[in-house]
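Asker: Dropping a prediction and its sequence here:
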Amino acid sequence: MHKTAFIWSDEYYNYSFPADHPFKPLRESMTKRILEERSAFHYITLIEPEVISEEILQLVHSKEYIDFVKDKSAKGEGYLDEGDTPAFKGIYEAALIRVSGSVKALSVILNDKYDHSINIGGGFHHAKKNKASGFCVFNDVALIAKLGERYFSKIAIVDIDGHHADGTQELLNDDEKVLKISLHMFHPNFFPGSGNVNEIGYGKGRGYAVNIPLPPGTGDDGYLLAFDEIVVPIIERYKPELIILVAGGDSHFNDPLVELKLSTHGYLDVVTKVHNLAHKYSNGRLIMLGGGGYNYDATARVWSISIAEIAGIYDVEYQSLHDPFSTKSSQFVMEKIRNTINQLKKIHSLD
Ligand SMILES: [Zn+2]
Ligand SMILES: [Zn+2]
């Protein structure tokens, strides 16, 4: 009932920004090692992705942008955006194999061989149609949602990365077949700056973008309150046929770039809820992607615990990976979160 595929290619290591850039594939290798040490791959099937065609990539990116990335990749210098995402030699191929991993994660679900699939090498939610952004080159999240629409009429994306899923939202803003939920830190001057409650999509997609902006200092209690009051009822109402979870590890309290305070316990609670919702409404169909996460140890523990939960093998060996405590939000922060929840209930007609 939790038959799970883990998509992996050793070429994922090639997606590594130079020098002291915070995005490193160490998180992926640490996660894989933690799982190997616990014999997880007796229960979870390792599957290699095939490289996708450029035509598939063009479902969400313009030919001009793809050519631009190829050119920068051959030269191996400069930036793909205003200065967050440096080009290096081979970045095109490195980004493509990771996107291919997410496409593979979708395809193994489609043929009903697997209930769940995981691509921790994916989750590049900031990339736009014509633009790289925030360490993301190609948007695999929006791409597999678009591909998934060929088979399903209702797909939900639940993005718990600490940053707003602005690229995914922009690419699917007018799309009612994809419910886009993003929980993220929201604060003046914090990247990418979008993701307030009033961004709800437009055209046919109006009402199908749900943004849950959270203040710095949000702990497990406040995060779960928002999740239970907003995310759960919205998914119950929508009844998606497939759920895509973007599980960036940078909402963790040790993350150096984001000031949310989720612990591994909070993460596990959220992932368990998403997993249960997938079984209740989506015939079990759940894809977990990675995302950000700049404290590598915390991210690897978050991902390992999450994967164990989804694969149905969570036990004492994974419990030992937890933080020693759950986190609490201050009274001031809780008050802010309650206000946001009340606003969202009105905006999304939840009362
Ligand atoms: Zn399951
Ligand atoms: Zn992030």
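Answerer: Sure, I can see it. Ligands and ions are numbered 1, 2, ... in the order given.
Asker: does F190 sit in a helix, a strand or a coil?
Answerer: Of the three states, F190 takes coil according to DSSP: H, G, I helix; E, B strand; the rest coil.
Asker: what's around it, how many residues?
Answerer: 18 (other Cβ atoms under 10 Å). C-beta: built from backbone N, CA, C; applies to glycine.
Asker: Check the average confidence over stretch 73-85, would you?
Answerer: Across stretch 73-85, the average pLDDT comes to 92.
Asker: so how far is it off the chain centroid?
Answerer: Put simply, stretch 73-85 sits 23 Å off its chain's centre (Cα atoms, centre = their mean, to the nearest Å).
Asker: Using CSV, list the CA coordinates for it.
Answerer: Extracted as CSV, the C-alpha positions of stretch 73-85 are listed here (Å, rounded to 0.1, in the frame of the first residue of the first chain):
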residue,chain,number,x,y,z
SER,A,73,26.5,26.2,-19.8
ALA,A,74,29.0,25.8,-22.6
LYS,A,75,30.8,28.9,-21.6
GLY,A,76,30.6,28.2,-17.8
GLU,A,77,30.7,31.8,-16.7
GLY,A,78,28.5,34.6,-15.5
TYR,A,79,25.0,34.2,-14.0
LEU,A,80,21.7,32.8,-15.1
ASP,A,81,19.8,35.5,-13.2
GLU,A,82,20.7,38.8,-11.4
GLY,A,83,23.3,37.1,-9.2
ASP,A,84,21.9,34.2,-7.2
THR,A,85,22.3,31.4,-9.8
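Asker: Briefly note if that stretch comes near ligand 2.
Answerer: No: applying Cβ under 5 Å from the ion, one finds stretch 73-85 out of contact with ligand 2, separated by at least 11.5 Å.
Asker: Which residues of the stretch 101-250 of the chain lie near ligand 2?
Answerer: Within the stretch 101-250 of the chain, the positions lying close to ligand 2 (Cβ under 5 Å from the ion) are 161-163, 248, 250.
Asker: With pLDDT added, can I get these in JSON lines?
Answerer: Formatted as JSON lines, those follow (pLDDT from 0 to 100):
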{"residue": "D161", "pLDDT": "98"}
{"residue": "G162", "pLDDT": "98"}
{"residue": "H163", "pLDDT": "98"}
{"residue": "G248", "pLDDT": "98"}
{"residue": "D250", "pLDDT": "98"}
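Asker: Among those residues, which one lies nearest to G219?
Answerer: G162 (13.3 Å; Cβ to Cβ).
Asker: Let me know how buried the closest one is, in neighbour terms.
Answerer: 27.
Asker: which one is it nearest to, not counting chain neighbours?
Answerer: Spatially, and ignoring its direct neighbours in sequence, G162 is nearest to V258 (3.4 Å; Cβ to Cβ, 6 or more residues apart in numbering).
Asker: residue contacts, the one you found?
Answerer: Residues in contact with V258 (Cβ atoms under 8 Å, 6 or more residues apart in numbering) are 162-163, 185, 250-251, 292.
Asker: any idea which of those residues has the most stuff around it?
Answerer: S251 (31 neighbours).
Asker: now the helices for this protein?
Answerer: Per DSSP state H, the chain carries helices over the ranges 26-37, 54-57, 63-75, 91-110, 140-148, 166-172, 220-226, 232-238, 264-281, 296-311, 316-319, 331-347.
Asker: Same list (those helices) but as JSON lines, adding mean neighbour count and distance to I157.
Answerer: Shown next, in JSON lines, are the helices of the chain (neighbours: other Cβ atoms under 10 Å; distance: least, Cβ to Cβ, whole Å):
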{"stretch": "helix 26-37", "mean neighbour count": "18", "distance to I157": "21"}
{"stretch": "helix 54-57", "mean neighbour count": "15", "distance to I157": "18"}
{"stretch": "helix 63-75", "mean neighbour count": "16", "distance to I157": "22"}
{"stretch": "helix 91-110", "mean neighbour count": "24", "distance to I157": "12"}
{"stretch": "helix 140-148", "mean neighbour count": "26", "distance to I157": "6"}
{"stretch": "helix 166-172", "mean neighbour count": "25", "distance to I157": "6"}
{"stretch": "helix 220-226", "mean neighbour count": "21", "distance to I157": "17"}
{"stretch": "helix 232-238", "mean neighbour count": "16", "distance to I157": "11"}
{"stretch": "helix 264-281", "mean neighbour count": "21", "distance to I157": "11"}
{"stretch": "helix 296-311", "mean neighbour count": "24", "distance to I157": "16"}
{"stretch": "helix 316-319", "mean neighbour count": "14", "distance to I157": "25"}
{"stretch": "helix 331-347", "mean neighbour count": "16", "distance to I157": "17"}
